[in-house]
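**Q** Build me a model:
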Amino acid sequence: MKKKKNTFIGVCTVGEKGQIVIPKPAREMFGIEAGDSVLVLCDKKKGMAIVKADVMQGFADKILGSEAPDDEEE
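**A** Next up is the predicted model:
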């Protein structure tokens, strides 16, 4: 028997300035807090996804093989 994935379905209203509020249960599920950065990924056929920026940074580090140095020593 397959395990069900954690899912969340919610409805957001787009405000006059194009802003949305991520529903509280979704913010709690993914640990999104005020001040966090998120990426909005878009595909015209598949739709949109919101991903925490630090999660994508981890994927980028794995793909590139290592973290880039902050400052090179002189």
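**Q** just checking, Ala49 is part of a helix?
**A** No. Ala49 is assigned strand when assessed by DSSP: H, G, I helix; E, B strand; the rest coil, not a helix.
**Q** So what pairs up with the residue nearest the centre of the chain in the strands?
**A** When C-alpha atoms, centre = their mean is applied to the chain, the residue found nearest the centroid is Val51 (1.1 Å). Judged by DSSP bridges, the bridge partners of Val51 are Leu39.
**Q** which residues of this structure fall in strands?
**A** Applying DSSP state E to the chain gives strands spanning 38-43, 47-52.
**Q** So which of those strands is nearest Val11?
**A** strand 47-52 (14.0 Å; C-beta to C-beta). For every residue, glycine as well, the C-beta is placed using N, CA and C.
**Q** so how far is the closest one off the chain centroid?
**A** Strand 47-52 sits 6 Å away from the centroid of its parent chain (C-alpha atoms, centre = their mean, to the nearest Å).
**Q** could I get the strands of the chain as TSV with mean pLDDT and distance to Asp61?
**A** Formatted as TSV, the strands of the chain follow (pLDDT from 0 to 100; distance: least, C-beta to C-beta, whole Å):
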stretch	mean pLDDT	distance to Asp61
strand 38-43	91	15
strand 47-52	89	14
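**Q** Switch the ones you listed over to CSV; also include distance to Arg27.
**A** As requested, the strands of the chain are arranged in CSV below (distance: least, C-beta to C-beta, whole Å):
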stretch, distance to Arg27
strand 38-43, 10
strand 47-52, 10
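**Q** wait, isn't Pro25 in contact with Ile9?
**A** No. Under the criterion of C-beta atoms under 8 Å, Pro25 is not in contact with Ile9, lying 10.1 Å apart.
**Q** who has more neighbours, these two?
**A** Each of Pro25 and Ile9 has its neighbours counted (other C-beta atoms under 10 Å); Pro25 has more, 10 against 6.
**Q** For Val38, see how far away the more buried one is.
**A** 16 Å (C-beta to C-beta, to the nearest Å).
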